[in-house]
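Would you be able to build a 3D model of this:
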Amino acid sequence: MDSPFHLAFPVSDIEVTRSFYTEIIGCSVGREAARWIDFNFFGHQISAHLVETTEDIPTNPVDGESIPVRHFGLVLEWNAWHQLVERLNKKEVNYLIKPTTRFEGEVGEQATFFISDPSGNALEFKSFKDREQLFATT
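You can find the predicted model right below:
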């Protein structure tokens, strides 16, 4: 990975956020202070920042689902995606959108699911059997 990304996002409780990202997702903790905490998100740096209020997230229809407009996530290798699904199922995580295959038989066919962290931030994890299809248009 040449360029890991950095993403900052709002949370309503630092300790609940720490538990979710370490125990459920499997992240390790980086630097932290009273109002923020960094996580190693599969080699990327995400920073949870404490806020007093969080806002509702609008959705858009995509392939028959209501997709949260503001979300972040990762494109995982095919087997790693399935292993994460198994991990989340064992922890009885509630899905916003259950694991499914989207655009089946079309360009960009992908396995995907959405979950929400305790502050309502939507996360999408997806995978392509053919990673070359990540940006394919035809």
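
Direction included, what does the helix or strand that contains residue 67 pair against?
In this assignment (DSSP states H and E), residue 67 forms part of strand 65-68. Strand 65-68 pairs in its sheet with strand 59-62 (antiparallel), by DSSP bridges.

Could you look up the SS state of the residue positioned nearest the centre of the chain?
With distances taken as Cα atoms, centre = their mean, residue 123 lies nearest the centre of the chain, 2.8 Å away. The local conformation at residue 123, judged by DSSP: H, G, I helix; E, B strand; the rest coil, is strand.

Return the set of residues that bridge with the closest residue to it other than its chain neighbours.
If the residues on either side of it in the chain are set aside, residue 123 comes closest to residue 73, at 4.9 Å by Cβ to Cβ, 6 or more residues apart in numbering. No exception for glycine: its C-beta is placed from N, CA and C like everyone else's. Beta-bridge pairing of residue 73 under DSSP bridges involves residue 124.

check contacts around residue 73.
Shown in contact with residue 73 (Cβ atoms under 8 Å, 6 or more residues apart in numbering): 114, 123-126.

can you check residue 116 too?
By Cβ under 8 Å, 6+ apart, the neighbours of residue 116 are 94, 96, 122-123.

Closest to residue 78 out of these?
residue 123 (18.5 Å; Cβ to Cβ).

In terms of pLDDT, where does residue 60 sit?
You'll see residue 60 listed with a pLDDT of 88.

from now on call the first residue 38
Right, with 38 as the first residue, what we last looked at is residue 97.

What's opposite it in the beta bridge?
Bridge pairing for residue 97 - DSSP bridges - gives residue 104.

since we're on it, how many residues are nearby?
Using other Cβ atoms under 10 Å, residue 97 has 9 neighbouring residues.
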